[in-house]
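> this one's structure only:
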């Protein structure tokens, strides 16, 4: 049972798997001989090489001097050398096939586009004239190829020699024979057949037509397979051709000079893959370090801004950061006593210096009022800067013709009335009474005259 399953699994493997391989053994250069060799004994000779021009022409005025070429190997040879009739800086795709019938086309693999090197010899092509094939083919609809949609491939039968065949070539992928359906002829589209495009959408490919004169007699055309609008994929199988279905054949031609061609795709050698991997790793590490440095910079900046905002600020204390203070209050907080000078002029009336209420008692909250000779002491102990008269005081006493003018100063000390009593509702009513005039003394009458003084009648 296990053996049967293994046989079945092998039979289901894609038919595009290469039974042999091939490599360039020299650098393709303009009008120079180029060689390649086949490795492996699984192919069926004789072999053949198909060259397909790729990309635009590098010649002036877009002159196309390149043609599709089918170059056969001799007998059972596994090496081939031929002159490359393509101009420098142009590109081509190479396909190697064997003689194993319908499955032989592309059995050796398909290369990526190869750029032609410069040799200085341009004798193998005409740079002034565009070449043309014996006949051309067309497709209908003309909008291109669409995955799993029918396309009519047609041509003018009068220009064809023998039978017509079509192949599909995917650079760097698989090449395959296009099955030919029943031929039909009509007035609008000539002779042709319908083909269900069983190629995955997004695949870049060439359609190549040939007859008894060989592949390329009917020309070639590049296409990019479109995706269907209805997303239909019923024609796609596991072995359906695509750009990534197989590895590129031919490898990179060995280079011996700066004019060597380069591959147009991903058929790189092991050394170049290693370099790409190392470069990617180094770039990733460098990017990670840069991102970490940027993140640390912003975090540090954010924490510094936060600590600055949370720092207390004392507008009066300018030297908070100096440290090592003397534990004394700054001059803004030093208490300054209020000194009351000794009176030099006595109060004239106690009654005039004390405020009495209407009931004749001293009212709380009112102090004594007395005049003061503030600023008149000779020692200057009570003088303040800017006090009038301060500049006239000196350390020695001298006589002044006029006595100093005394300026009365009223000092009122307010006392706290204490806590207020409980709320008694409405405030007491105040009744104002006129004075009783009870404290007015009667003036003394004049004394009677004595002696002989008499008042005349």
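Alright, I've got the coordinates. This is a predicted model, so every value here is computed, not measured. Residues are numbered from 1 along each chain as shown.
> show me what whichever strand or helix holds residue 209 is packed against.
If you go by DSSP states H and E, residue 209 is part of strand 204-211. Judged by 3 or more Cβ pairs under 8 Å, 6 or more residues apart in numbering; DSSP states H and E, the packing partners of strand 204-211 are strand 48-54, strand 137-140, strand 150-155, strand 165-169, strand 214-224. For glycine as for every other residue, the C-beta is placed from the backbone atoms N, C-alpha and C.
> need those in a markdown table with distance to residue 412, can you?
A markdown table is the format used below for these (distance: least, Cβ to Cβ, whole Å):
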| stretch | distance to residue 412 |
| --- | --- |
| strand 48-54 | 112 |
| strand 137-140 | 117 |
| strand 150-155 | 116 |
| strand 165-169 | 117 |
| strand 214-224 | 105 |
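> of all these, which one comes closest to residue 191?
Judged by Cβ to Cβ, the one of the helices and strands packed on strand 204-211 that comes nearest to residue 191 is strand 150-155, at 6.1 Å.
> relative to strand 214-224, how tilted is the closest one?
Orientation check (axes from the mean of the first three to the mean of the last three Cα atoms, to 10 degrees): strand 150-155 against strand 214-224 gives 140 degrees.
> and the angle from strand 150-155 to strand 204-211?
Using the same axes, to 10 degrees: strand 150-155 against strand 204-211 is 40 degrees.
> quick one: strand 150-155 to strand 165-169, angle?
Using the same axes, to 10 degrees: strand 150-155 against strand 165-169 is 120 degrees.
> who does strand 150-155 pair up with?
Applying DSSP bridges to the sheet, strand 150-155 is found paired with strand 137-140 (antiparallel), strand 190-196 (antiparallel).
> quick one: buried residues of that strand?
For strand 150-155, burial by neighbour count (16 or more other Cβ atoms under 10 Å) applies to 151-155.
> can you list the low-confidence ranges for the chain?
1-19, 102, 243-247, 250-278, 305-409, 414-427, 439-457 (pLDDT under 70).
> any idea how it splits into domains?
13-115, 137-224 (automatic domain parsing).
> how about these in TSV, adding distance to residue 429?
Compiled in TSV, the domains of the chain are given as follows (distance: least, Cβ to Cβ, whole Å):
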stretch	distance to residue 429
domain 13-115	116
domain 137-224	106
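> now render the strands paired with strand 150-155 as a markdown table, adding distance to residue 177.
As requested, the strands paired with strand 150-155 are exported to a markdown table (distance: least, Cβ to Cβ, whole Å):
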| stretch | distance to residue 177 |
| --- | --- |
| strand 137-140 | 15 |
| strand 190-196 | 11 |
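> could I get the ones you listed as a markdown table with distance to residue 103 and mean neighbour count?
Output for the strands paired with strand 150-155, formatted as a markdown table (distance: least, Cβ to Cβ, whole Å; neighbours: other Cβ atoms under 10 Å):
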| stretch | distance to residue 103 | mean neighbour count |
| --- | --- | --- |
| strand 137-140 | 23 | 18 |
| strand 190-196 | 18 | 17 |
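> can you tell me which of those strands comes nearest to residue 174?
When the strands paired with strand 150-155 are compared by Cβ to Cβ, strand 190-196 sits nearest residue 174, at 16.7 Å.
> can you list contacts of that closest one?
The contact list for strand 190-196, computed with Cβ atoms under 8 Å, 6 or more residues apart in numbering, reads 137-138, 140, 148-157, 166, 178-185, 235.
> what does stretch 214-224 give?
Residues outside stretch 214-224 that contact it (Cβ under 8 Å, 6+ apart) are 50, 52-54, 67-70, 133-137, 139, 144-145, 155, 160-161, 164-165, 167, 169, 202-211.
> circling back: now flag whichever of the buried residues of strand 150-155 is closest to residue 293.
Of all the buried residues of strand 150-155, residue 293 sits closest to residue 151, with 56.5 Å by Cβ to Cβ.
> could you check how far that closest one is from residue 207?
Computed as Cβ to Cβ, to the nearest Å, the residue 151 to residue 207 distance reads 9 Å.
> now do the shared contacts for the two.
In contact with both residue 151 and residue 207: 139, 145, using Cβ under 8 Å, 6+ apart.
> mind checking the backbone torsions on the spatially closest residue to residue 56 that is not a sequence neighbour?
Leaving out its chain neighbours, the residue that sits closest to residue 56 by Cβ to Cβ, 6 or more residues apart in numbering is residue 62, at 6.7 Å. Dihedral pair for residue 62: phi 60, psi 30, per degrees, to the nearest 10.
> also residue 128?
Torsion angles, degrees, to the nearest 10, at residue 128: phi -110, psi -10.
> could I get the contacting residues of it?
Counting by Cβ under 8 Å, 6+ apart, the residues that residue 128 touches are residue 63.
> neighbours of the residue nearest to residue 56, how many?
Using other Cβ atoms under 10 Å, residue 62 has 9 neighbouring residues.
> distance of it from residue 55?
Taking Cβ to Cβ, one finds residue 62 at 12 Å from residue 55.
> ok, residue 191 next?
31 Å.
> again, but for residue 165
Computed as Cβ to Cβ, the residue 165 to residue 55 distance reads 25 Å.
> compare these two (neighbour count), which wins?
residue 165 (18 against 15).
> looks like that one contacts residue 211 (just checking).
Yes. Between residue 165 and residue 211 there is a contact under Cβ atoms under 8 Å: 7.5 Å.
> how is residue 298 assigned, secondary-structure-wise?
In terms of secondary structure, residue 298 is helix; the call rests on DSSP: H, G, I helix; E, B strand; the rest coil.
> and for residue 20, the neighbour number?
Neighbours around residue 20, by other Cβ under 10 Å: 19.
> returning to that earlier point: which residues do residue 165 and residue 211 both contact?
Residues within reach of residue 165 and of residue 211 at once, by Cβ under 8 Å, 6+ apart: there are none.
> what is the neighbour count of residue 89?
Neighbour number of residue 89 under other Cβ under 10 Å is 16.
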